[in-house]
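Asker: Here is a sequence together with a model predicted from it:
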Amino acid sequence: MNSTIALTGLRVRGRHGVFEHERRDGQHFVVDAVLELDTSAAAASDDVRDTVDYGDLAQRLAAVVAGEPVNLLETLVQRLLDVCLDDERVEAATVTVHKPQAPIPLAFADVAVTATRARA
C-alpha cells in the first residue's frame, strides 16, 4: 500500500543565504516534506516503529535548517531530502523550502525551491 506522510509548515530559524546579513541575522525558513512509502505494516501493527515517526522527522529536518549555513536553497533542499531518504522504507520524497523573508526589494508572498528524489 503506497501512502504519503506529509509534514508541512515546519518553521525554523536558519542562517542561509548569499548575503552576509542573512548569515549574521538569520531568518525563518518554512519546510514542507512529503514522503512516499508503504504503510501497510504500520496499519496492521498500529505501532509507530513500523512507520516513519513524523515527530522525529521534524526534529531532524529542523536540525539541518538550524545547522550549518549554505548559500542556496537548492543545497538546503538536497540536505533535507537526504534526511528524508535516510529511512530505507521511504521510496521517494519531495521537499519544499520557503524563504518568506528573502532579500527581495519588492512586495512578494513567497520564494520556494522544491525537489523530488526517489530511490534508484
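Answerer: Perfect, I can see it now. Numbering: from 1, shown residues only.
Asker: I'd like the average pLDDT over stretch 58-76.
Answerer: In this model, stretch 58-76 carries a mean pLDDT of 98.
Asker: Specify the beta-bridge partners of residue 92.
Answerer: Under DSSP bridges, the beta-bridge partners of residue 92 are residue 36, residue 118.
Asker: Isn't it up against residue 119?
Answerer: Yes - between residue 92 and residue 119 a contact is recorded at 7.0 Å, counting by C-beta atoms under 8 Å. No exception for glycine: its C-beta is placed from N, CA and C like everyone else's.
Asker: Does residue 5 touch residue 42 like I think?
Answerer: No - using C-beta under 8 Å, residue 5 makes no contact with residue 42, being 9.9 Å away.
Asker: what do the two both touch?
Answerer: Residues touching both residue 5 and residue 42 (C-beta atoms under 8 Å, 6 or more residues apart in numbering) are residue 51.
Asker: circling back to that earlier point, among residue 92 and residue 119, which residue is more densely surrounded?
Answerer: When residue 92 and residue 119 are compared for neighbours, residue 92 comes out ahead with 17 against 10, by other C-beta atoms under 10 Å.
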